[in-house]
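Novice: let's see this in three dimensions:
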Amino acid sequence: MLRTLALLAATGVFVLPLAAQDRGGGGIPRGDCVSPEQTKAILARVEAFRSKQPSAPGIASVDPERYPFQPFAGNLWDDVHTFNFVDLDPSFGLRDFDCLQWTYDTHRGHDTHLHSFAEMDRGVPVFAAIAGVVVDLHDGEPDRNINPSSLPSNYVILWHGGTHYSWYLHLRRNSVAVTLGQRVAGGQQLGLVGSSGNSSWPHLHFESWHDNAHYEPDAGVCRAGASRWVNPIARRRGAWVSDLNIGPGDFHAQPRLPNDYVRQGRWGTGWQYIGFWFQYHDLPPNTTARVRWLRPDDSVAIDSGAGPFGNPAGAVWDWVWFRWWVFCDVVGSWRIEIELNGAVVATMPFDVYTDPLSSPNRPPEPLQSIRFEPAQPSPGDVLFCRVAQGLLRDRDQDLVTQRYLWRINGAIVRDVTHAGRADCLRDDALRPGDLVTCAVTPNDGLANGATRTVSASVAQGACLALSLRGHGHADGSGKPLALGPGARDVGFAPDAGAMSLLAISLQPCGVGLPLGQFAPCTLPAAILLPDPVQGPLLTVGGAALAVPAILPWCFCVQGIELSPLPGGLGFCLKATHGYHLIVRC
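Specialist: Prediction:
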């Protein structure tokens, strides 16, 4: 074989078709993310919790609160991707919200995947999508499952008031960071992505329930109505590659993905048996592929030519590996170039040395960008720090993690290192006028890369709005009341008509953040329903209105008064029973 290749190499460029290469990989098992047994047990615990809560007429008719972000420490359609959405076909067919088949039969949630166990081992946090109460959890189960079965999953279940619940499953063993009955803020870390339970790959199964039924948060052709995301992220379409790595050895003898293969970025001169593997997405059937090996001067060493990739059916997501005999006749930076259907979708450099073992470790590649989301944070926001980096993250092919060092007004408030390309501060962290910074440093296990920093001042806010949400208005909507910052008396001008309120929220004007995303300053010992006939007394600035009221956290009270906090830090909603919520503004 090598003699034949040597003769070809002597002539310059030569063609080695894909079909002639050593190839393997592929195949991602699908099955029920949550076993019927565990689903039944979770629903029974949720029902037991629900049965202890007072009910109110019409509470189920209140739409579930919209999610302001994807609940994980990653950037969707970049370092993480959603493989399965909710199956909306009531029969045996498959139909997602866009009338595609990115799902499997009876699937009830979103499955968002990492690339490998190696990333999972370094940690990718899972966050509460919105504030809530922990009504069920489980931990301690094995977390490296690769075949769907009826094994139990590690999970957290949150209640968001009314009949709205969210489920977070397949968490890493011993990573659950909350306790039963705990009230959690939006953006608070619940655990880490894992592969526990009925799972074939490390991923988060995120499931949404309202009015005793699961629902699809995304809106599309096959799911009418408004999106239940504040900022919907469009699905990435067209063939693309999310992960490309280079390594040596016999891939047949190594454990398959999601176990990580041995990586190598430095090679010697002469004949080298170089392997690479990549994960691809949204690949149409009968794709053509081409691989080229390019020398440092961009001359072509090997060209496979365009040929069948070998996929008679399309693929939402899959993976493949190849091994190639390459004659490395020049030292310097070589690269692999991958084409799918005539378009270059990925390139990856590797370096050829006379003595590769003597070359020192190189730090990770610089981050391409760093940004806040939202760019201009306000009090009550879950603030994300997001970084971008291409397929090349480390010249030595080392797996890279990021250290996220958060400061508010110079004081460290969060310091975490993990494999995700995003991190966040919870929704009770920011105050008006705060200076918040996020410094991100990549690390390959031996050396740090260059640190990049983003900073912003938290908006002061012109006012707060007290939103009375319910029905009974002529136009069917609640009416906001403007509250001047620091004001001690607030005007209150309700509609003249009858009002039947289902929720009360205090929020920055124009932002739309519910009260449930602010931290409680004192917790109630019990939840009290107002008398459905008399109703509680809502007192704002001395004016009163009798209305049935249920706060988003279901603090159902008999009276509420609004008063400023010392130092102008915010307002406090206080119930006549002596418990209250701080609303920071």
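
Novice: show me the shaky parts of the stretch 451-585 of the chain.
Specialist: Residues of the stretch 451-585 of the chain meeting the criterion pLDDT under 70: 461-585.

Novice: next one: residue 430 from residue 412, what distance?
Specialist: 15 Å (C-beta to C-beta, to the nearest Å). For every residue, glycine as well, the C-beta is placed using N, CA and C.

Novice: do residue 217 as well
Specialist: From residue 217 to residue 412 the distance is 34 Å (C-beta to C-beta).

Novice: neighbour-wise, which of those two wins?
Specialist: A count of neighbours by other C-beta atoms under 10 Å puts residue 217 above the other of residue 217 and residue 412, at 23 against 9.

Novice: tell me the domain boundaries of the chain?
Specialist: 2-25+239-358, 36-215, 369-457, 464-584 (automatic domain parsing).

Novice: the stretch 251-400 of the chain: strands as residue ranges?
Specialist: Secondary structure of the stretch 251-400 of the chain, counting by DSSP state E, counting those that start in this stretch: strands at 266-268, 270-283, 288-294, 300-303, 307-308, 315-328, 332-340, 343-353, 369-373, 383-388.

Novice: now the third one: buried residues?
Specialist: With burial defined by 16 or more other C-beta atoms under 10 Å, the residues of strand 288-294 counted as buried are 289-294.

Novice: I'd like the domains of the chain as CSV, with distance to residue 233 appended.
Specialist: As requested, these are exported to CSV (distance: least, C-beta to C-beta, whole Å):
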stretch, distance to residue 233
domain 2-25+239-358, 15
domain 36-215, 5
domain 369-457, 11
domain 464-584, 18
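
Novice: of those, which is nearest residue 227?
Specialist: domain 36-215 (7.5 Å; C-beta to C-beta).

Novice: how far away from the center of its chain is the closest one?
Specialist: 11 Å (C-alpha atoms, centre = their mean, to the nearest Å).

Novice: between the two ends of that domain, how far is it?
Specialist: End-to-end span of domain 36-215 (C-alpha to C-alpha, to the nearest Å): 18 Å.

Novice: would you map the helices across this protein?
Specialist: 2-10, 36-51, 117-122 (DSSP state H).

Novice: export the shortest one as CSV, just CAs?
Specialist: Same thing as helix 117-122. What follows is helix 117-122 as a C-alpha-only set of coordinates in CSV (Å, rounded to 0.1, in the frame of the first residue of the first chain):
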residue,chain,number,x,y,z
PHE,A,117,-18.6,12.7,27.1
ALA,A,118,-15.4,14.7,27.2
GLU,A,119,-17.4,18.0,27.2
MET,A,120,-19.8,16.5,29.7
ASP,A,121,-17.0,15.5,32.1
ARG,A,122,-15.7,19.1,32.1
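
Novice: contact partners of it?
Specialist: 114, 143-144, 172, 192-195, 202, 258-260, 399, 401, 417-419 (C-beta atoms under 8 Å, 6 or more residues apart in numbering).

Novice: give the buried residues for stretch 237-255.
Specialist: Buried, per 16+ other C-beta under 10 Å, within stretch 237-255: 239-247, 251.

Novice: out of those residues, which is nearest to residue 300?
Specialist: Of all these, residue 300 sits closest to residue 246, with 18.0 Å by C-beta to C-beta.

Novice: tell me, how many residues neighbour the nearest residue to that closest one once chain neighbours are set aside?
Specialist: Spatial nearest neighbour of residue 246, chain neighbours left out: residue 276 (4.8 Å); criterion: C-beta to C-beta, 6 or more residues apart in numbering. Residue 276: 22 surrounding residues under other C-beta under 10 Å.

Novice: quick one: contacts for residue 276?
Specialist: Neighbouring residues of residue 276 by C-beta under 8 Å, 6+ apart: 244-247, 321-322, 324, 336, 348.

Novice: mind redoing it with 7 Å?
Specialist: By C-beta atoms under 7 Å, 6 or more residues apart in numbering, residue 276 lies in contact with 244-246, 321-322, 336, 348.

Novice: just residue 151 next, same as before
Specialist: 141, 145, 197-198.

Novice: identify the residue nearest the geometric centre of the protein.
Specialist: With distances taken as C-alpha atoms, centre = their mean, residue 72 lies nearest the centre of the chain, 2.9 Å away.

Novice: go ahead and confirm that residue touches residue 128.
Specialist: No. Assessed by C-beta atoms under 7 Å, residue 72 is found out of contact with residue 128, at 11.0 Å.

Novice: among the contacts of residue 151, who's most crowded?
Specialist: residue 197 leads those on contacts (other C-beta under 10 Å) with 27 neighbours.

Novice: which one is that residue nearest to, not counting chain neighbours?
Specialist: In space, residue 197 is closest to residue 153, 2.5 Å off (C-beta to C-beta, 6+ apart).

Novice: so that neighbour versus residue 43, what's the distance?
Specialist: Distance from residue 153 to residue 43, by C-beta to C-beta: 14 Å.

Novice: kindly report the same for residue 194.
Specialist: 22 Å.

Novice: neighbour count winner among those two?
Specialist: Looking at residue 194 and residue 43 with other C-beta under 10 Å, you find the greater number of neighbours at residue 194, namely 31 against 15.

Novice: ok, now which ones touch the more buried one?
Specialist: 120, 143, 154, 170-173, 175, 202.

Novice: so residue 166 touches residue 158, yeah?
Specialist: Yes. Using C-beta under 7 Å, residue 166 makes contact with residue 158 at a distance of 5.0 Å.

Novice: how about residue 251, nearest residue that isn't a chain neighbour?
Specialist: residue 321 (5.1 Å).

Novice: please tell me how far that neighbour sits from residue 345.
Specialist: 16 Å.

Novice: can you check residue 280 too?
Specialist: 8 Å.

Novice: quick check: neighbours shared by those two?
Specialist: Contacts common to residue 280 and residue 345, judged by C-beta under 7 Å, 6+ apart, are 239, 241.

Novice: who does the closest residue in space to residue 304 that isn't next to it in sequence bridge with?
Specialist: Nearest non-adjacent residue to residue 304, counting by C-beta to C-beta, 6+ apart: residue 291, 4.5 Å away. When bridges are called by DSSP bridges, residue 291 pairs up with residue 338.

Novice: isn't residue 352 up against residue 270?
Specialist: No. Counting by C-beta under 7 Å, residue 270 is not a contact partner of residue 352; they are 9.4 Å apart.

Novice: what touches both of those two?
Specialist: Common neighbours of residue 352 and residue 270 (C-beta under 7 Å, 6+ apart) are residue 328.

Novice: more neighbours, these two?
Specialist: residue 352 (21 against 11).

Novice: quick check: nearest residue in space to that one, chain neighbours excluded?
Specialist: Sequence neighbours aside, residue 328 is the residue nearest to residue 352 in space, at 4.5 Å (criterion: C-beta to C-beta, 6+ apart).

Novice: now for the one you found, how many residues are close by?
Specialist: 21.

Novice: surely it touches residue 272?
Specialist: Yes. Using C-beta under 7 Å, residue 328 is in contact with residue 272, at 5.4 Å.

Novice: how far away is the closest residue in space to residue 353 that isn't next to it in sequence from residue 269?
Specialist: Closest residue in space to residue 353, ignoring its immediate chain neighbours: residue 359 at 5.4 Å, by C-beta to C-beta, 6+ apart. Going from residue 359 to residue 269 by C-beta to C-beta gives 13 Å.

Novice: same thing with residue 377?
Specialist: Using C-beta to C-beta, residue 377 is found at 52 Å from residue 269.

Novice: tell me which of the two has more neighbours.
Specialist: For residue 377 versus residue 269, the count of surrounding residues by other C-beta under 10 Å is larger for residue 377: 21 against 15.

Novice: not counting its neighbours along the chain, what's nearest that one?
Specialist: residue 383 (4.8 Å).

Novice: so that neighbour bridges to which residues?
Specialist: Assigned bridge partners for residue 383, using DSSP bridges, are residue 425.
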